[in-house]
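> Using only what follows, build the 3D model:
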Amino acid sequence: MVDLDYLKYLEEFLTDNRKERFLQVLENRTNHFTIAMEDVYQLHNTSAVMRSCEVFGIQELNVVEQKFGKRIDTEIAMGAQKWVDINRFNSMQNCMDSLRQKGYQIIATTPHNDSCMLHEFDITKRSAIFFGTEKEGLSPEVIAQADGYLKIPMVGFTESLNISVSAAIIIQDITTRLRQSNLNWKLTADEILEKRLAWAKNSIKDIKRIEARYYANQP
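Below is the predicted model of the structure:
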């Protein structure tokens, strides 16, 4: 539960334009879809996918770190790490189990024979879209447990796209169709308050001192 007095206090340090911008962006945020990345080796791809999530309104990105440690390439992320929630997992199974518990179906991006074409993908269900490594794609573990498969139609000689490009294309398509639908895809009132608080804290440079002052004055 968000401390509304604390939120109000922090927002006193923000300009009216910044507070209004938060509300405008949050109006288009969604947890109806989430993105998961499996052991992506090249750091710039993880950062680029995060940037696509932020630009197109997906609030959470899930990163599995079984083999390769991750850090954010801030030049490529372009500040997206301040506005997107990153959930980190040490195994694919933990990631899938967690997402299922949240009510997501697992969708594997792969040129699988039974893959659904992007424009035919059913957006009505809460879905976690999984992307694999650059060379090997998704692991057999994800393919075996996926509830569905998704691919981008291609008509050229090349049979694959860079993971960050694939993610951008898919995220833009499904979020655009989501906003054009009558589905209840927006953040809840409580989720919006939580993001307002987190974003306010991320926007205040001397947040530790500001927080200490607030709590020191509490009865």
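> hey, let's count contacts and neighbours off CA atoms from now on
OK.
> Show me where this structure has its strands.
Remark: strands assigned in the chain by DSSP state E are 33-38, 60-64, 85-89, 105-109, 116-117, 127-131, 148-151.
> could you dump the fourth one to PDB, C-alpha only?
Think strand 105-109. The C-alpha coordinates for strand 105-109 follow below in PDB (Å, rounded to 0.1, in the frame of the first residue of the first chain):
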ATOM      1  CA  GLN A 105       0.400 -17.800 -20.600                       C
ATOM      2  CA  ILE A 106       3.800 -18.600 -22.000                       C
ATOM      3  CA  ILE A 107       4.300 -17.700 -25.600                       C
ATOM      4  CA  ALA A 108       7.600 -18.700 -27.300                       C
ATOM      5  CA  THR A 109       8.900 -16.700 -30.300                       C
END
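> I'd like to check the angle between that strand and strand 33-38, please.
Put simply, strand 105-109 runs at 60 degrees to strand 33-38, going by axes from the mean of the first three to the mean of the last three Cα atoms, to 10 degrees.
> tell me the average confidence for strand 105-109?
Per-residue pLDDT over strand 105-109 has a mean of 97.
> how much distance is there from that strand to the middle of the chain?
Chain-centre distance of strand 105-109: 15 Å, with Cα atoms, centre = their mean, to the nearest Å.
> and if you look at the first one?
On the basis of Cα atoms, centre = their mean, the separation between the geometric centre of strand 33-38 and that of its chain is 7 Å.
> Other residues contacting that strand?
For strand 33-38, the surrounding residues in contact (Cα atoms under 8 Å, 6 or more residues apart in numbering) are 46, 53, 58-65, 92, 126-133, 138.
> Show me where this structure dips below the pLDDT cut-off.
Scanning the chain for pLDDT under 70 picks out the ranges 39-43, 66-79, 134.
> Recalculate using a threshold of 90.
1-2, 38-48, 63-82, 86, 88-91, 110-115, 132-139, 154-164, 214-219 (pLDDT under 90).
> All the helices of it, in order from the start?
Using DSSP state H, the helices of the chain run over 4-11, 16-26, 43-56, 74-77, 92-101, 140-145, 163-179, 189-203, 207-216.
> and Val155, how many residues sit next to it?
7 (other Cα atoms under 10 Å).
> quick revisit: distance to Ser98 and mean neighbour count added to the strands of the chain, as JSON lines?
Shown next, in JSON lines, are these (distance: least, Cα to Cα, whole Å; neighbours: other Cα atoms under 10 Å):
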{"stretch": "strand 33-38", "distance to Ser98": "11", "mean neighbour count": "24"}
{"stretch": "strand 60-64", "distance to Ser98": "10", "mean neighbour count": "23"}
{"stretch": "strand 85-89", "distance to Ser98": "9", "mean neighbour count": "16"}
{"stretch": "strand 105-109", "distance to Ser98": "11", "mean neighbour count": "24"}
{"stretch": "strand 116-117", "distance to Ser98": "24", "mean neighbour count": "17"}
{"stretch": "strand 127-131", "distance to Ser98": "11", "mean neighbour count": "25"}
{"stretch": "strand 148-151", "distance to Ser98": "17", "mean neighbour count": "22"}
